[in-house]
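Colleague: For reference, the sequence and a predicted model appear below.
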Number of protein chains: 2
Amino acid sequence: MCQLLGMNANVPTDICFSFTGFKARGGLTDHHRDGWGIAFFEGRGARVFLEPCASADSPVAELVRHYPIRSLNVISHIRKATQGEIRLENTHPFQRELWGRHWIFAHNGNLLDYQPTLSGRFLPVGSTDSERAFCHILDTLAQRFGHTPPAPQVLYAALRALACHIGQSGEFNFLLSDGERLFAHCSSRLVYVLRQSPFPVAHLADEDMSVDFNQVTTPDDRVAVIATLPLTDNEHWVQMTPGSLLSFHLGQPEILGENTTVAAPAR
Amino acid sequence: MCQLLGMNANVPTDICFSFTGFKARGGLTDHHRDGWGIAFFEGRGARVFLEPCASADSPVAELVRHYPIRSLNVISHIRKATQGEIRLENTHPFQRELWGRHWIFAHNGNLLDYQPTLSGRFLPVGSTDSERAFCHILDTLAQRFGHTPPAPQVLYAALRALACHIGQSGEFNFLLSDGERLFAHCSSRLVYVLRQSPFPVAHLADEDMSVDFNQVTTPDDRVAVIATLPLTDNEHWVQMTPGSLLSFHLGQPEILGENTTVAAPAR
């Protein structure tokens, strides 16, 4: 299995603090040693750092931890391989272009006997169930909506139906972003925390490290952090309901359809 | 304008030495300060480092320079913006998936009034002529060959015709790779050097740094390095003929059709 980390904000925000705790789970405080990756959207652009080795030992992960890349949407993943060898092409997050936007995807779970029929428009490069699912999602969206992206509500409904369909093959927690919204699907476990003014002094669960967000933010900043397991031990992390899909936009969940469970921000 | 750097090898090889000289041109020994990027293929996987700032000042470029990522195909680019703002989405190299392979592309030159008709299968995320050309190339290949990649000779001929066609709009030096072959098109200036046993002691043109490749290779290793301008000042760099397309495979140019100019390796 693997672990997921996502961030969605209303102002470009760095993820150094959360990534510090998350990175430790890739071989130090937990056993996810089979690769790691992180994708940052900056405007319409995306940059993705990938390594098929443990994040706890990685010089690239060490650089990312200290290098404040400011982004509205971030998706990160540490891997404990289930399907697919430990190779770069099987390392999450995965990236494709659709409708002139980059799309980024990472998965936690395991899909059994999952062999979707793909048109060929999006094909897996590696051999994971996860990349197959990502191609399946984008292929379906491209076939259904052609060359024009649908309205957010329509996109949300399509993703929810797809997540439900693919989830019949097994555990399917995922994070997906086009740089504007971050979609989080909980199949079994996914939690999130909302941070806004007055900000907490947050303390990592995996390392003895704290940060007072009031020192590095303005009162209008809003940030949502989504993870497989809580990254801090003194904040209110909301457990997502299994089977639910949340759309995070500008640092908070937005109501785009049924089954959107929105919690109040932590105070 | 910009500068290109490519490497194609028959065994996984690091590019630290060449990248050291190339990186210096991004703001130190030359004025290409508007972004830089480098893509490494490892097996079928690709990892791409991108930054919309000068490589000479970049901590990520500094890490790449010292971190020996071993690859059969590398494409790097330093940018002096002509079309498109200085933004991440306009930073080369660009990446797309076709036929279940990653494709990587970087361009040196300037295409004027170039607005190709695109089907929508591949669309630019940014606003450069370069990314439009990349989408145009892949779109044409996908339309012509469907879901099955053609034989190398057929692919070469298609790329040569496309390069010639797009080159009518302006300067169009480019590097393109699917991880197996590296295609280099010279519109105005592109040079390459072939390294094989007995290897030279090469000395950088941009920094006072030498390396004796015999210390870090085996007698069977073969490496081709392609660049806008020679990176070393004591090797035999071959000037490509304007209008020619070379396919590099396993560390040397291969004959796949007409207009393939192949030079003997440096001794």
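Modeller: Great, that's in hand. Numbering: from 1, shown residues only, chains lettered A, B, ... in the order given.
Colleague: where's A:Leu63 relative to B:Ser58, distance?
Modeller: Distance, A:Leu63 to B:Ser58, using CB to CB, to the nearest Å: 11 Å. Quick note: C-beta positions are derived from backbone N, CA and C, even for glycine.
Colleague: And the pLDDT for the residue lying closest to A:Arg44 once chain neighbours are set aside?
Modeller: Excluding the flanking residues, the one nearest A:Arg44 by CB to CB, 6 or more residues apart in numbering or on different chains is B:Glu89, at 4.3 Å. The model reports B:Glu89 with a pLDDT of 97.
Colleague: Specify the local secondary structure of B:Glu89.
Modeller: Taking DSSP: H, G, I helix; E, B strand; the rest coil as the rule, one finds B:Glu89 in the helix state.
Colleague: Distance check, the residue of the stretch 151-267 of chain A found nearest chain B against B:Phe248.
Modeller: Closest to chain B within the stretch 151-267 of chain A is A:Gly179: 8.9 Å, counting by CB to the nearest CB. Computed as CB to CB, the A:Gly179 to B:Phe248 distance reads 34 Å.
Colleague: just A:Ser58 next, same as before
Modeller: For A:Ser58 relative to B:Phe248 (CB to CB), the value is 30 Å.
Colleague: which stretches of the stretch 1-150 of chain A form strands?
Modeller: Shown for the stretch 1-150 of chain A, the strands assigned by DSSP state E, counting those that start in this stretch span residues A:3-13, A:36-42, A:45-51, A:71-78, A:94-98, A:101-111.
Colleague: Can I get the ones you listed in CSV including mean pLDDT, mean neighbour count and distance to B:Leu175?
Modeller: Putting the strands of the stretch 1-150 of chain A into CSV (pLDDT from 0 to 100; neighbours: other CB atoms under 10 Å in any protein chain shown; distance: least, CB to CB, whole Å) gives the following:
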stretch, mean pLDDT, mean neighbour count, distance to B:Leu175
strand A:3-13, 96, 24, 31
strand A:36-42, 96, 27, 24
strand A:45-51, 96, 23, 20
strand A:71-78, 96, 28, 28
strand A:94-98, 98, 24, 20
strand A:101-111, 97, 24, 21
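Colleague: quick one, which of those strands is nearest to A:His147?
Modeller: Judged by CB to CB, the one of the strands of the stretch 1-150 of chain A that comes nearest to A:His147 is strand A:94-98, at 9.6 Å.
Colleague: List the strands paired with that closest one, with their directions.
Modeller: Sheet pairing for strand A:94-98, assigned by DSSP bridges, gives strand A:101-111 (antiparallel).
Colleague: contacting residues for A:Val191?
Modeller: Taking CB atoms under 8 Å, 6 or more residues apart in numbering or on different chains, we find A:Val191 in contact with A:226-230, A:237-240.
Colleague: how does it look with 10 Å?
Modeller: Contacts here follow CB atoms under 10 Å, 6 or more residues apart in numbering or on different chains; on that basis A:Val191 touches A:184, A:225-231, A:236-240.
Colleague: Chain B next: which of the residues you listed are close?
Modeller: By CB under 10 Å from any CB of the partner chain, no member of the contacts of A:Val191 lies near chain B.
Colleague: Strand A:71-78 and the longest helix seen in chain A, what's the angle between them?
Modeller: Counting by DSSP state H, the longest helix found in chain A is helix A:129-145. Counting by axes from the mean of the first three to the mean of the last three CA atoms, to 10 degrees, helix A:129-145 lies at 140 degrees to strand A:71-78.
Colleague: So for the helix or strand following helix A:129-145, what gets flagged as buried?
Modeller: Using DSSP states H and E, the helix or strand that follows helix A:129-145 towards the C-terminus is helix A:152-166. Buried residues in helix A:152-166, counted by 16 or more other CB atoms under 10 Å in any protein chain shown: A:155-160, A:162-163, A:166.
Colleague: Turn those into a markdown table, including pLDDT.
Modeller: Compiled in a markdown table, the buried residues of helix A:152-166 are given as follows (pLDDT from 0 to 100):
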| residue | pLDDT |
| --- | --- |
| A:Leu155 | 97 |
| A:Tyr156 | 97 |
| A:Ala157 | 97 |
| A:Ala158 | 97 |
| A:Leu159 | 98 |
| A:Arg160 | 97 |
| A:Leu162 | 97 |
| A:Ala163 | 97 |
| A:Ile166 | 98 |
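Colleague: from the residues you listed, which is closest to B:Asp220?
Modeller: Out of the buried residues of helix A:152-166, the member with the shortest distance to B:Asp220 (by CB to CB) is A:Ile166, at 46.0 Å.
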